[in-house]
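1. When you get a sec, could you give me coordinates for this:
(2 chains)
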2 protein chains.
Amino acid sequence: MTIQVFGHKSPDTDSTGSPIAWAWYLKEVRGEDAKAVLLGEPNTEAAFMLQRWGLGKPEIIADVDEGAPVVIVDTNNPAELPASINKADIRGIVDHHKLVGGLETKGPIEIRIEPLACTATILHKMIGKDMARAPEAVKGAMLTCILSDTLEFRSPTTTQEDRAVAHALAEELGIDIADYAAEMFAAKSDVSAFSEAELLRMDSKEYAVDGTKLRVSVLETTAPAQVLDRKDALMAAMKDVAAEDGADEVLLFVVDILKEEATLLVPNDRVKAIAEASFGTSVSGDHVVLPGVMSRKKQIIPVLKAA
Amino acid sequence: MTIQVFGHKSPDTDSTGSPIAWAWYLKEVRGEDAKAVLLGEPNTEAAFMLQRWGLGKPEIIADVDEGAPVVIVDTNNPAELPASINKADIRGIVDHHKLVGGLETKGPIEIRIEPLACTATILHKMIGKDMARAPEAVKGAMLTCILSDTLEFRSPTTTQEDRAVAHALAEELGIDIADYAAEMFAAKSDVSAFSEAELLRMDSKEYAVDGTKLRVSVLETTAPAQVLDRKDALMAAMKDVAAEDGADEVLLFVVDILKEEATLLVPNDRVKAIAEASFGTSVSGDHVVLPGVMSRKKQIIPVLKAA
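-> Okay, here's the model as predicted:
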């Protein structure tokens, strides 16, 4: 039975590119029958990556079958995985997020989690010298993952290892990192095709903070005006999204990749109180700019207070 | 604050030696303030290892403090760890057991689980060329862990990697594996100092099988008569141990390392039914010999049926 390799729901670049890279390795180097699949439509940056490197779009699956062999990359959170994940035969996990608990395996398997910015960096280490056998498309996907997750090394999650692997891949591929990242971020920033509800759910994770359920959404962009021009419609959509998803509030952080700051929308007094308690700032009006804030993992989640 | 490195409760050789090896690496190679500790008295084989290699017995701790930095090796099961484990600051996990779920970390940390026979083999890979800096005592402890967990390569959990690392360490240390393993197993087999209840809990894990709670205990020995001579007293003690530990039955497998077989004690009709359903054998009398059975992980747990 073919091993399905996938990342999390609402696939971003790392959850699209890392399954492709790891499935290549499992198949071509380890000789296993493996293929990359997706748990949803890739975002615009991930779609750019697929096209740029001539990679076909992996099949999108809705769930996994009981006993089906799977390998999970870029998450270990059952909430971000298919409903039947614990009935599948989980063969491996490679991730760079905190251990959430909830996944169970039938026997000892290969699990590798490291505090690096990007799953693809961990895969690069695991593949080691067999990277020499990787086709350009796989190397290009991995480079795109790292530049995406590190926001071209601007994110405070960036480590020396992410940086070194990205530079090595760019050199092998003859890619100018600044030019290429600009193309990637332009693709990511083109969100004109999405509804407000889709934007709020595009890169979004739920957290329980002091008993309050917060859907923490991030939009990374080099064209923040394109999102902020839709501020009123976005704030109006928050109520429905929160109600449908069982959250108390939606927090939307619009991350300006080039200015290295985030704008948090403030639709009501509760979000105002959360913003002031969490970021030590004072809010007047319907948004607040948070200088230097780029990483949900490092700079938002650890400081969130329900007020 | 010093990072405490520990294995599971009821420390066997791997849960005693691997914390010592990893604490050495964290301290001397990575420059972190780390020390090995134990969650209970080491078993007789582990005590032999400490003495043979001039390693002091690590401090035994009863629980961990809130926020205390810890690294866990040789388990990922909260039931085998201190009560407050999820309040500690878990900095790393290295293990070779199935993922159980239940541990949570505050951020992304280093987690490495591989389907090898022994934690020390994984540590050896992670330490890599820095093994050249390891003192003989650390190498000796790692060799002892691998020979213990593989039962000198007899256990079906043994992989080529475990074998290769053990042979490399033995050669560096000038150790004859057969002679040294015989000394280790003699130490492990000397259980005269332990009460029946202690023997039943020495290397024991609880499993829920079809709604029945089974405490599955293993005693690996080169002198099975020393245990089997106490058969009646052991079966009498099972009732109290099961009642105190909230289990329905205690299954004691006495593994004869040299004959490569296990003897399961059969104190009552329910255990008889479990034995017959699980191992496809027919039981008459108060025990049954299971040829070739040496590994709880590979040969007992996967086939257990509550009958």
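
2. mind listing the helices for the stretch 151-300 of chain A?
-> For the stretch 151-300 of chain A, the helices defined by DSSP state H, counting those that start in this stretch cover A:160-173, A:177-189, A:196-202, A:224-228, A:231-245, A:269-279.

3. Within range of chain B, give me the residues from the stretch 51-200 of chain A.
-> By the rule C-beta under 8 Å from any C-beta of the partner chain, the part of the stretch 51-200 of chain A lying against chain B is A:90, A:93, A:95-116. Yep, even glycine has a C-beta here, placed from its N, CA and C like the rest.

4. Partner strands of the lowest-mean-pLDDT helix or strand in chain A and their direction?
-> The helix or strand of chain A with the poorest confidence is strand A:204-209; it has a mean of 90 (mean pLDDT, DSSP states H and E). Note on strand A:204-209: by DSSP bridges, its sheet partners are strand A:212-221 (antiparallel).

5. Stretch A:295-307 close to chain B?
-> Yes: using C-beta under 8 Å from any C-beta, we find that stretch A:295-307 touches chain B at A:297, A:302.

6. hmm, back to that, would you mark the buried spots in the least confident helix or strand of chain A?
-> By 16 or more other C-beta atoms under 10 Å in any protein chain shown, the buried positions in strand A:204-209 come out as A:204, A:205, A:209.

7. ok now the one helix or strand residue A:5 maps to, how far from the chain's centre?
-> In this structure, residue A:5 sits in strand A:3-6 according to DSSP states H and E. Chain-centre distance of strand A:3-6: 17 Å, with C-alpha atoms, centre = their mean, to the nearest Å.

8. how far off helix A:177-189 does the helix or strand following it point, in degrees?
-> Heading C-terminal from strand A:3-6, the first helix or strand you meet, by DSSP H and E, is helix A:13-24. Angle of helix A:13-24 versus helix A:177-189, following axes from the mean of the first three to the mean of the last three C-alpha atoms, to 10 degrees, is 110 degrees.

9. Quick check: next helix or strand after helix A:13-24?
-> strand A:34-36.

10. Give the partner strands of that next one in its sheet and their orientations.
-> By DSSP bridges, strand A:34-36 pairs with strand A:3-6 (parallel).

11. Please work out which residues outside the strand it pairs with touch it.
-> Strand A:3-6 has contacts (C-beta atoms under 8 Å, 6 or more residues apart in numbering or on different chains) with A:15, A:19, A:22-23, A:26, A:32-39, A:61, A:64, A:68-73, A:91.

12. now the residues you listed: which count as buried?
-> Here, 16+ other C-beta under 10 Å leaves A:15, A:19, A:22-23, A:26, A:32, A:34-39, A:61, A:64, A:68-73, A:91 buried among those.

13. can I get the helices of the stretch 151-300 of chain A in CSV with mean neighbour count and mean pLDDT?
-> Output for the helices of the stretch 151-300 of chain A, formatted as CSV (neighbours: other C-beta atoms under 10 Å in any protein chain shown; pLDDT from 0 to 100):
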stretch, mean neighbour count, mean pLDDT
helix A:160-173, 18, 98
helix A:177-189, 18, 97
helix A:196-202, 19, 95
helix A:224-228, 17, 95
helix A:231-245, 16, 96
helix A:269-279, 18, 96
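
14. rewinding a little: redo the buried residues of strand A:204-209 as JSON lines? Include distance to residue A:135.
-> Formatted as JSON lines, those follow (distance: C-beta to C-beta, whole Å):
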{"residue": "A:204", "distance to residue A:135": "33"}
{"residue": "A:205", "distance to residue A:135": "33"}
{"residue": "A:209", "distance to residue A:135": "44"}
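
15. buried sites along stretch A:142-158?
-> By 16+ other C-beta under 10 Å, the buried positions in stretch A:142-158 come out as A:142-155, A:157-158.

16. Closest one of the residues you listed to chain B?
-> Set against chain B, the nearest of the buried residues of stretch A:142-158 by C-beta to the nearest C-beta is residue A:157 (8.7 Å).

17. Over to the closest one: give its phi and psi.
-> phi -80, psi -10 (degrees, to the nearest 10).

18. List the residues that contact the closest residue to it other than its chain neighbours.
-> If the residues on either side of it in the chain are set aside, residue A:157 comes closest to residue A:117, at 4.2 Å by C-beta to C-beta, 6 or more residues apart in numbering or on different chains. Residue A:117 makes contacts with A:96, A:146, A:149, A:150, A:155, A:157, A:158, A:159, A:162, as judged by C-beta under 8 Å, 6+ apart.

19. Give me the pLDDT value at the fifth one.
-> Among the per-residue scores, residue A:155 holds a pLDDT of 95.

20. I figured it was touching residue A:295, is that so?
-> Yes: taking C-beta atoms under 8 Å as the definition, residue A:155 is a contact partner of residue A:295 at 5.0 Å.

21. Excluding sequence neighbours, find me the nearest residue to residue A:45.
-> In space, residue A:45 is closest to residue A:188, 3.7 Å off (C-beta to C-beta, 6+ apart).

22. Now do the one you found against chain B, distance only.
-> Distance from residue A:188 to chain B, counting by C-beta to the nearest C-beta, to the nearest Å: 23 Å.

23. residues touching that residue, list them.
-> A:43, A:44, A:45, A:48, A:148, A:220, A:221, A:222.

24. again with residue A:237
-> A:195, A:196, A:197, A:200.

25. Go again with 6 Å.
-> A:196, A:197 (C-beta atoms under 6 Å, 6 or more residues apart in numbering or on different chains).

26. now do residue A:122
-> A:94, A:114, A:116.

27. just checking, the first one is part of a helix?
-> No: secondary structure of residue A:94, determined by DSSP: H, G, I helix; E, B strand; the rest coil: strand, with no helix assignment.

28. Touching, it and residue A:73? I think so.
-> Yes: counting by C-beta atoms under 6 Å, residue A:94 touches residue A:73, with 4.8 Å between them.

29. Now the common contact residues for the two.
-> Joint contacts of residue A:94 and residue A:73 (C-beta under 6 Å, 6+ apart) are residue A:119.

30. if we can go back for a sec, okay, the contacts of residue A:188 in a markdown table with distance to residue B:168 and pLDDT next?
-> Compiled in a markdown table, those are given as follows (distance: C-beta to C-beta, whole Å; pLDDT from 0 to 100):
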| residue | distance to residue B:168 | pLDDT |
| --- | --- | --- |
| A:43 | 47 | 95 |
| A:44 | 50 | 95 |
| A:45 | 46 | 97 |
| A:48 | 47 | 98 |
| A:148 | 40 | 98 |
| A:220 | 47 | 95 |
| A:221 | 52 | 96 |
| A:222 | 52 | 95 |
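
31. what's the closest of those residues to chain B?
-> residue A:148 (17.0 Å).

32. Skipping adjacent residues, who's closest to residue A:112 in space?
-> residue A:94 (5.0 Å).

33. now do residue A:59
-> Nearest non-adjacent residue to residue A:59 (C-beta to C-beta, 6+ apart): residue A:37, at 5.1 Å.

34. show me what contacts the one you found?
-> With C-beta under 6 Å, 6+ apart, residue A:37 has these contacts: A:4, A:6, A:58, A:59, A:61.

35. if we go to 10 Å?
-> Going by C-beta atoms under 10 Å, 6 or more residues apart in numbering or on different chains, residue A:37 touches A:2, A:4-7, A:11, A:19-20, A:23, A:58-61, A:64, A:70.

36. domain ranges for chain A?
-> Residue ranges for the domains of chain A, per automatic domain parsing: A:3-187, A:196-303.

37. out of these, which comes closest to residue B:245?
-> domain A:3-187 (22.4 Å; C-beta to C-beta).

38. ends of the closest one, how far apart?
-> Terminal residues of domain A:3-187 lie 31 Å apart, using C-alpha to C-alpha, to the nearest Å.

39. can you tell me which of the residues of the stretch 51-200 of chain A next to chain B are in strands?
-> When DSSP state E defines the strands, the subset of those inside them is A:90, A:93, A:95, A:110, A:111, A:112, A:113.

40. Thanks a lot, catch you later.
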